[in-house]
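Chemist: mind folding the following:
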Amino acid sequence: METWRIPNIILNTPPRILLHLARLKIWPHTRLETFTDEHPCIFFLATGRVGTATLAQICGLAKNVFAYHEPHPELFGLSKASYALSARRPGDESVESALQEGFLTARRELMNYSLFCRRGYVETGPQATFLAPLILRSVPNVKFIHLVRDPKKFTRSVMRRKWYEGHQYDRWRITPDADSAFGKRWGKFSPLEKNLWLWAETNRWALDFSKNLSPGQSLLVRSEDVFASNPVTLERIFNLLGAAPPSARKIRRILGKQLNVQTEGTFKEPEDWLAELDKGLARYVRATAATLGYEFS
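Modeler: This is a model prediction of the structure:
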């Protein structure tokens, strides 16, 4: 006698999406042809360790989008390749086309699914950051949120996680071009200095990219303002999402979960290492920090 099995789609699909699909079966609809201000496509630009998991849940409160943190397949390797090749072979159409198709192969199904459900698509994780120029030419009306965090707090967090010290994702972290000033000193940099370079270079890169976007196409957000429930910051995020801000109670509930909070490892406080940094690197970090409204001294 044949045993009845639960279909894989029921086992592998979040309940919220299953309910939405059920409603679509009841009420006829037509898919969206493209993302719009009312149903936007938004990618985050970030270093990681800035609250992207929390932002995924906060953005998910908007009923007009599906929000993901780090969906599969992961894009870290493709993003690093985009960063390196854009420096070595700028403007190479064959390289850009190959990277663009790699991105679309990884995300086309998810974005099409959102359009089918008449929803926008939001990806908050940092893994697509250096693919932003290719995303811009691939997705009509795409928008970006540049999420930043104080460099001293970021660095202390990642040092506790052993970034650039044998972490499983180290092979996918960006490194400076070998012929650049930082590249020539890279082998002598400590893991601390490498992480500070990562913070400064990623945010410098994101700032430069955002300068060329149209008004209303990007938003700079400080993670400290999100975790403080700053109403102006939250309103700006939800304006970009094309949705009304949720209640303060719902925001507090998510913030109270302390998603992906660092609980293991130890590392000394900034006052114990600031004076030991490579002088050129310290100037680079300080300049980028000042642009973002942080003090690095």
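Chemist: need the contact list for Phe189.
Modeler: 182, 197, 278, 281 (Cβ atoms under 8 Å, 6 or more residues apart in numbering). Where C-beta positions appear, they are placed from N, C-alpha and C, glycine not excepted.
Chemist: recalculate using a threshold of 7 Å.
Modeler: Asp278 (Cβ atoms under 7 Å, 6 or more residues apart in numbering).
Chemist: measure it to Pro140 for me?
Modeler: Shown here: Phe189 relative to Pro140, a distance of 41 Å by Cβ to Cβ, to the nearest Å.
Chemist: wait, Asn203 sits on Asp150?
Modeler: No - with contact defined as Cβ atoms under 7 Å, Asn203 does not reach Asp150; the gap is 11.3 Å.
Chemist: of these two, which one has the most company?
Modeler: The neighbour comparison of Asn203 against Asp150 (other Cβ atoms under 10 Å) goes to Asn203, with 28 against 20.
Chemist: quick one: residues in contact with whichever strand or helix holds that one.
Modeler: Using DSSP states H and E, Asn203 sits in helix 191-211. Outside helix 191-211, the residues that touch it by Cβ under 7 Å, 6+ apart are 45, 47, 129, 132-133, 144, 146, 148, 151, 154-155, 158-159, 163-165, 173-174, 176, 182, 218, 273, 277-278, 281, 284-285, 288, 291-292.
Chemist: do that again at 8 Å, thanks
Modeler: 45-47, 83, 129-130, 132-133, 144, 146, 148, 151, 154-155, 158-159, 162-165, 173-174, 176, 182, 186, 189, 218, 220, 273, 277-278, 281, 284-285, 287-289, 291-292.
Chemist: just the buried ones among the residues you listed, please.
Modeler: 45-47, 83, 129-130, 132, 144, 146, 148, 151, 154-155, 158-159, 163-164, 173-174, 176, 182, 186, 189, 218, 220, 273, 277-278, 281, 284-285, 288-289, 292 (16 or more other Cβ atoms under 10 Å).
Chemist: helices - which of those land there?
Modeler: Of those, the ones assigned to helices by DSSP state H are 83, 132, 151, 154-155, 158-159, 182, 281, 284-285, 288-289.
Chemist: farthest-separated two in these?
Modeler: Ala132 and Met159 (26.6 Å; Cβ to Cβ).
Chemist: wait, a strand at Phe43?
Modeler: Yes - Phe43: assigned to a strand according to DSSP: H, G, I helix; E, B strand; the rest coil.
Chemist: and it, what is it in contact with?
Modeler: So Phe43 contacts 122-123, 128, 132, 135, 142-145 (Cβ under 8 Å, 6+ apart).
Chemist: model confidence over the top helix by length along the chain, on average?
Modeler: Looking across the chain with DSSP H, the single longest helix is helix 93-116. The pLDDT scores in helix 93-116 average 94.
Chemist: show me what Ala67 is bridged to.
Modeler: Note on Ala67: beta-bridge partners by DSSP bridges are Val122.
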